[in-house]
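Peer 1: Provided below for reference: sequence and predicted model.
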Amino acid sequence: MAAGAVGAALVGGGAAEAAGAGLGPGKFDGELRKLLGKVDPKRIGATIQRLTEFGTRHTLSSQTDPVRGIGAATVWVGQQMDAVAAASGGRMTVQRQSFVQPVSSRIPVPTQITNVIATLKGTASPERFYVVTGHLDSRVTDVMDFTSDAPGADDDGSGVACVLELARVFATHQFPGTIVFATVTGEEQGLYGSSFMAQSMAAAGNDVQGMFSNDIIGASRSFDGHKPDPFTVRMFLEGIPTNVTPAQISLLQSAGGENDGKARQLGRFVHSVAPKSLTGMDIRLVWRRDRFLRSSDHVSFQSLGYAAARFTEPRENFNHEHQNVQVVDGVQFGDLIDFVDFDYIARVTRVNAAALWGLATSPGTPKNAGVHTTPPGTLSGTNLTTLSWDANPETNLTGYEVVLRETTDSDWTSAIPVGNVTTVTLDISKDNVQMGIRAVDRNGNRSPAAAPQAVA
């Protein structure tokens, strides 16, 4: 039985509908469209230009020089965040989150690292957090060289510009969930800033239901002879969770679900709420944690079990990443602003904006979703499937949906409305399809799906 045909199999009745119902272009809030229209490529370009003027933003560079180094850059970013927050009517607050990173392989002496974090507190579910980051630090060929010019226009001035622009356009709005806009430092030395931020959020009990790292989102063409791809952004989504335990790996091997972790569910949701018709961009979902054997700040959040993903440009040019600024045999090396496309970054920023708007406006992802495995009586199994989950805290829910797809399909293909309940039994064999649970509110907003875990 195809996944698109299983919807009528709810025990006691029920009918299937399209899995993306309520998320089509006609349903997008007019205010969201206005917000996307305010994303300004010229502001983004001015931000990147200013960031390159600090000479280097290496984590080990000067903390005290007023014009050059990571200290001066951090002060400037903080000032920009303060100005944005001042226009928010008290809805947004700004924090300088500083700590001293001990000596490590890429930190030769104890070093202060400062993240600049702007928080737009939610109105109905403030305990539910959605985070977007770009990393402020830059580097050249030698990761320990903190004196040479490291303009970092693309890596990661582009991500910082995206975050600052998002904070600006979101500041005058309110959402049920809380949105966090952060520039983090120490990425090139070992993800130190984002690790500290993620650990601090976990220690505070923050329920981070979505996180985006914007790292190298500046170039719409690779400058290497390949055709430009100015309307595509890659979104990297891990499969086996970073924080998985051996017991959980064993369960994945026996029950499946390798393609249904939190990051993959986040990617499916973003794909539905940020289509090209709205943002001008195709999102290429890449089912890897990151580029081959590499990582960015989303991994810091994945390591704590949070749903996190990375946005990055479609094809990198490694002459312009982690390179000294120099010309060799007529070829320009270095991460210069010449190779950055402000209009492209603006479109990637709109993808982030649509995703954050959808997440913070919709209900939260249902908690503790389970698929029950104990068969009735003395039977060895059952073709019925019983699912359960915790009730969401939102007061405006109309109920929940079970979403389904064939195990070979990449995204949900049908949905079964099951009402405002916390358990349901389906006349569908759990052996044959993948299932998820999502919440629906009175406005037709749907949460990301929660993949049920096997329970007795």
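Peer 2: Sure thing, it's come through.

Peer 1: which SSE is Gln248 in?
Peer 2: If you go by DSSP states H and E, Gln248 is part of helix 246-255.

Peer 1: ok, residues contacting the helix or strand in which Arg234 is found?
Peer 2: Counting by DSSP H and E, the element that carries Arg234 is strand 232-236. Contacts with strand 232-236, where a contact means CB atoms under 8 Å, 6 or more residues apart in numbering, come from 217, 267, 270, 281-286, 288-291, 298, 309-314, 347-348, 351. (Glycine included, C-beta is placed from N, CA and C.)

Peer 1: Just the CA trace of that strand, in PDB.
Peer 2: What follows is strand 232-236, C-alpha atoms only, in PDB (Å, rounded to 0.1, in the frame of the first residue of the first chain):
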ATOM      1  CA  THR A 232      20.300  27.500  -4.600                       C
ATOM      2  CA  VAL A 233      21.500  27.200  -1.000                       C
ATOM      3  CA  ARG A 234      22.600  24.000   0.600                       C
ATOM      4  CA  MET A 235      21.200  22.900   3.900                       C
ATOM      5  CA  PHE A 236      23.200  20.100   5.600                       C
END
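
Peer 1: Give the partner strands of that strand in its sheet and their orientations.
Peer 2: strand 282-286 (parallel), strand 308-312 (antiparallel) (DSSP bridges).

Peer 1: and of those, who's closest to Lys121?
Peer 2: strand 308-312 (20.9 Å; CB to CB).

Peer 1: after the closest one, next one along is what?
Peer 2: Downstream of strand 308-312, the next assigned helix or strand under DSSP H and E is strand 326-328.

Peer 1: Please point out which parts of that following strand sit buried.
Peer 2: Buried residues in strand 326-328, defined by neighbour count with 16 or more other CB atoms under 10 Å: none.

Peer 1: Next SSE downstream of that strand?
Peer 2: strand 331-333.

Peer 1: Helices of the stretch 301-450 of the chain, start to end?
Peer 2: In the stretch 301-450 of the chain, helices defined by DSSP state H, counting those that start in this stretch lie at 342-361, listed in chain order.

Peer 1: which strands and helices sit next to the worst-scoring helix or strand of the chain on mean pLDDT?
Peer 2: Using mean pLDDT, DSSP states H and E, helix 246-255 stands out as the lowest-scoring helix or strand of the chain, at a mean of 89. Other elements packing on helix 246-255 under the criterion 3 or more CB pairs under 8 Å, 6 or more residues apart in numbering; DSSP states H and E are strand 453-455.

Peer 1: Which residue, other than its chain neighbours, is closest to the spatially most central residue of the chain?
Peer 2: By CA atoms, centre = their mean, the chain has its centre lying nearest to Phe212, at 2.4 Å. Once flanking residues are discounted, Phe212 sits nearest to Val132: 4.8 Å by CB to CB, 6 or more residues apart in numbering.

Peer 1: Model confidence for the one you found, exactly?
Peer 2: Val132 is assigned 99 on the pLDDT scale.

Peer 1: What strand or helix carries Leu266?
Peer 2: According to DSSP H and E, Leu266 maps onto helix 262-273.

Peer 1: what's the least confident helix or strand of the chain in contact with?
Peer 2: Helix 246-255 has contacts (CB under 8 Å, 6+ apart) with 240-241, 244, 257-258, 453-454.

Peer 1: can you confirm the residue nearest to the centre of the chain is in a strand?
Peer 2: Yes - counting by DSSP: H, G, I helix; E, B strand; the rest coil, Phe212 falls inside a strand.

Peer 1: Is it bridged to anything, and to what?
Peer 2: Val132, Ala309.

Peer 1: hmm, back to that, nearest to Thr373, of the contacts of helix 246-255?
Peer 2: Out of the contacts of helix 246-255, the member with the shortest distance to Thr373 (by CB to CB) is Ala454, at 5.3 Å.

Peer 1: Any figure for the gap between the closest one and Phe311?
Peer 2: Ala454 is 32 Å from Phe311, where distance means CB to CB, to the nearest Å.

Peer 1: These two: who's more crowded?
Peer 2: Set Ala454 next to Phe311 and count neighbours by other CB atoms under 10 Å: Phe311 wins out with 28 against 15.

Peer 1: That one - nearest residue in space that isn't next to it in sequence?
Peer 2: Closest to Phe311 by CB to CB, 6+ apart is Asn214, at 5.0 Å.

Peer 1: domain ranges for this structure?
Peer 2: As assigned by the TED database, the chain contains the domains 10-25+366-454, 39-361.

Peer 1: want to throw those domains into CSV with distance to Glu31?
Peer 2: As requested, the domains of the chain are arranged in CSV below (distance: least, CB to CB, whole Å):
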stretch, distance to Glu31
domain 10-25+366-454, 12
domain 39-361, 7
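
Peer 1: Counting neighbours, which bits of stretch 223-231 end up buried?
Peer 2: Result for stretch 223-231 [16+ other CB under 10 Å]: buried residues Asp229.

Peer 1: Can you get me the start-to-end distance on it?
Peer 2: 16 Å (CA to CA, to the nearest Å).
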